[in-house]
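Visitor: Structure for this input, please:
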Amino acid sequence: RFTEDMEYCDLLEIATMVPRSEDRTLFVAGFAMSNYASTFGRIAKPFNPLLGETFEYVRPDKKYRALSEQVEHHPPISACWVEGKSYVYHADTNIKSKFNGGSLTVVPTGVCHVELKLPLAFLERDEERSAGDPRQPPRINEKEGYFVEHYTWNKLTTNVNGIMIANFWIEHVGDLEVLNHRTGDCTKLTFMQSGWTGKNKFKVTGEARNRRGDQVYEVTGDWTSKLVAKPVGGGGGGSSSANSHASEDLIKCPASNSGNGNDAVKYAAINAVDVPRRPFVLWKVNERQMTGNTYHLTTYAMSLNDRPAELEPFLCPTDSRFRPDQRAMETGAYELADREKSRLENKQRATRRRREQGELPAWKPRWFVRDTDADSGEAFWRFNDEYWTERESAAAKSKDDNAKPKPIEAWNNVEDIF
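Guide: Down below sits the predicted model:
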């Protein structure tokens, strides 16, 4: 589920190429909001991750790689880490829920983080010089020619409505506030709660403010279709009255064939994206597949569980693609899925008892460690940088005709959870 957040990763790519800091914050907020679009119509309860279960996803075309791990079971906490050419996105979440008679309220805890690698040339541009003093000095990497900006936001509360009348629908409510810790720029998107007549259903309103506190954008739309950003007054770089209608064209990130982060930063310096000083579509939902029973999954989400033969040697044995109950459910073998689900849960309970009795070492996540974020002061789960190296090593072992270890034996310190 965490990896679904990356469906609209182009918004982060665009943000790394935008010279104005308030514009960058706006695009990061667009990415943060886009995470909720895939939940439209999704009322079915997902599979509970097993302790130590992982999921990797590599997109060479988008030039990012993602890893998630279930790091704790009581309370259940999942951690995710995504590395792009010029950005990092990471988050962890613990879900708390309560039943309110006619609805179920789901309250996630945890902070989402984005770090952008930006060309040093952006610090020398007129937009930055005239914007005022930032909150923090930039974190500069002189050797590789970039500085880092850090953004954070909290997840929203979700309500599952219509339980008493068996007409389920989901709405997200509250303020999604994305803060640029270096500059103090902030974009706040408010997910409005609908009334009993359905007014304001799915509606989102918001504003973007620069480091001086001036409003520079007004944002309107809904989280199921699109968001429009409209510059406000002089703070937006000019009046938008000349064109009161938003262009339906999304701002596109110039195509780059650069293979690493250094090249991407250089490319961004040369091909900076100028945000129009008129209303424009900040985000637009991808078209959904409407034929067949897709359980309201997006086309992107349906691709995630694919397990081609050439990928299998690289996958960790704890990867969700190997989970038998989930695979049986996907193929329509529902009775087998139910039996496998019970078997996996019993196996997990038996392992926990053995840990409690001292027969096994205490639980420790394999790919993440606890840390504290210096900007927000919040605890988070940091990637230990070991997974991708171990992945290559395990794949090499599996190709060794002389050794041919079992998949679980090719990986160091990985448990058999399935």
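
Visitor: Residue 5 against residue 89, yeah?
Guide: Yes. Counting by C-beta atoms under 8 Å, residue 5 does reach residue 89; the two are 7.3 Å apart. In this view, the C-beta of every residue, glycine as well, is placed from N, C-alpha and C.

Visitor: which residues are in contact with both of the two?
Guide: By C-beta atoms under 8 Å, 6 or more residues apart in numbering, residue 5 and residue 89 have these common neighbours: residue 80.

Visitor: In the stretch 151-300 of the chain, what residue spans correspond to helices?
Guide: Here the stretch 151-300 of the chain has its helices, by DSSP state H, counting those that start in this stretch, at 261-270, 299-303.

Visitor: of those helices, which approaches residue 99 most closely?
Guide: Closest approach to residue 99 among the helices of the stretch 151-300 of the chain is made by helix 299-303 (26.8 Å; C-beta to C-beta).

Visitor: residue contacts, the nearest residue to residue 14 once chain neighbours are set aside?
Guide: Nearest residue to residue 14 in three dimensions, chain neighbours excluded: residue 253, at 4.7 Å (C-beta to C-beta, 6 or more residues apart in numbering). Listed by C-beta under 8 Å, 6+ apart, the contact partners of residue 253 are 10, 13, 14, 17, 273.

Visitor: Who wins on neighbours among the residues you listed?
Guide: Counting by other C-beta atoms under 10 Å, residue 17 has the largest number of neighbours within those, with 27 neighbours.

Visitor: That residue looks like it's in a helix, true?
Guide: No. Read with DSSP: H, G, I helix; E, B strand; the rest coil, residue 17 is coil and lies in no helix.

Visitor: pLDDT at it, what is it?
Guide: For residue 17, the pLDDT comes out at 94.

Visitor: Surely it and residue 268 touch.
Guide: Yes. Residue 17 is within contact range of residue 268, at 4.4 Å (criterion: C-beta under 8 Å).

Visitor: Please tell me how far residue 217 sits from residue 233.
Guide: Using C-beta to C-beta, to the nearest Å, residue 217 is found at 10 Å from residue 233.

Visitor: what about the helices in the stretch 1-150 of the chain?
Guide: All helices of the stretch 1-150 of the chain, identified by DSSP H, counting those that start in this stretch, fall at 10-15, 21-34, 126-129.

Visitor: Nearest to residue 356, out of those?
Guide: Of all the helices of the stretch 1-150 of the chain, helix 21-34 comes closest under C-beta to C-beta, at 39.2 Å.

Visitor: As a check, name the ranges of all strands in the stretch 101-250 of the chain.
Guide: With strands called from DSSP state E, counting those that start in this stretch, the stretch 101-250 of the chain shows them at 104-109, 111-119, 139-141, 146-154, 157-161, 169-180, 186-191, 203-209, 215-222, 226-231, 247-250.

Visitor: right, and the ones you listed - which one's nearest residue 285?
Guide: Closest to residue 285 of the strands of the stretch 101-250 of the chain, according to C-beta to C-beta: strand 226-231, at 6.5 Å.

Visitor: Any idea how far the closest one is from the middle of the chain?
Guide: Centroid separation for strand 226-231 versus its chain: 21 Å, with C-alpha atoms, centre = their mean, to the nearest Å.

Visitor: start the count at 8, not 1, going forward
Guide: Renumbered: residue one is now 8, and that last one reads strand 233-238.

Visitor: Let me know the average pLDDT across it.
Guide: Here strand 233-238 scores 95 as its mean pLDDT.

Visitor: Against which helices or strands is the lengthiest helix in the chain packed?
Guide: Counting residues, the longest helix found in the chain (DSSP state H) is helix 341-363. On a contact count with 3 or more C-beta pairs under 8 Å, 6 or more residues apart in numbering; DSSP states H and E, helix 341-363 meets helix 331-337.

Visitor: What residues of the helix it packs on count as buried?
Guide: Under the neighbour-count criterion of 16 or more other C-beta atoms under 10 Å, helix 331-337 has 331, 332, 333, 334, 335, 336 buried.

Visitor: for the protein, what are the low-confidence residue spans?
Guide: For the chain, the stretches flagged by pLDDT under 70 are 48, 50-52, 169-174, 203-205, 241-256, 261-269, 297-302, 407-412.

Visitor: 50 - rerun?
Guide: Scanning the chain for pLDDT under 50 picks out the ranges 242-251.

Visitor: that older thread, of all the contacts of residue 260, which comes closest to residue 37?
Guide: Within the contacts of residue 260, proximity to residue 37 (C-beta to C-beta) peaks at residue 21, which comes in at 8.7 Å.

Visitor: Isn't the closest one up against residue 280?
Guide: Yes. Using C-beta under 8 Å, residue 21 is in contact with residue 280, at 5.9 Å.

Visitor: can you put the contacts of residue 260 in TSV and add distance to residue 101?
Guide: Listed next are these as TSV, based on distance: C-beta to C-beta, whole Å:
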residue	distance to residue 101
17	29
20	29
21	31
24	34
280	36
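
Visitor: Closest one to residue 229 out of these, please.
Guide: residue 17 (19.9 Å).

Visitor: follow-up on the earlier one: need the helices of the stretch 158-307 of the chain in CSV with mean neighbour count and distance to residue 387, can you?
Guide: Shown next, in CSV, are the helices of the stretch 158-307 of the chain (neighbours: other C-beta atoms under 10 Å; distance: least, C-beta to C-beta, whole Å):
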stretch, mean neighbour count, distance to residue 387
helix 268-277, 19, 22
helix 306-310, 13, 25
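
Visitor: mind putting these in TSV, distance to residue 372 included?
Guide: Listed next are the helices of the stretch 158-307 of the chain as TSV, based on distance: least, C-beta to C-beta, whole Å:
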stretch	distance to residue 372
helix 268-277	26
helix 306-310	25
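
Visitor: Select, out of those, the one closest to residue 211.
Guide: Shortest distance between residue 211 and the helices of the stretch 158-307 of the chain, using C-beta to C-beta, is found for helix 306-310: 20.9 Å.

Visitor: helices or strands up against that closest one?
Guide: Packed against helix 306-310, as judged by 3+ C-beta pairs under 8 Å, 6+ apart, are no other helices or strands.

Visitor: CA-only coordinates of it in PDB, if you can.
Guide: Extracted in PDB, the C-alpha atoms of helix 306-310 (Å, rounded to 0.1, in the frame of the first residue of the first chain):
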ATOM      1  CA  THR A 306      -3.900   0.400 -13.100                       C
ATOM      2  CA  TYR A 307      -0.700   1.300 -11.200                       C
ATOM      3  CA  ALA A 308      -1.800  -0.600  -8.100                       C
ATOM      4  CA  MET A 309      -2.800  -3.700 -10.100                       C
ATOM      5  CA  SER A 310       0.700  -3.900 -11.500                       C
END
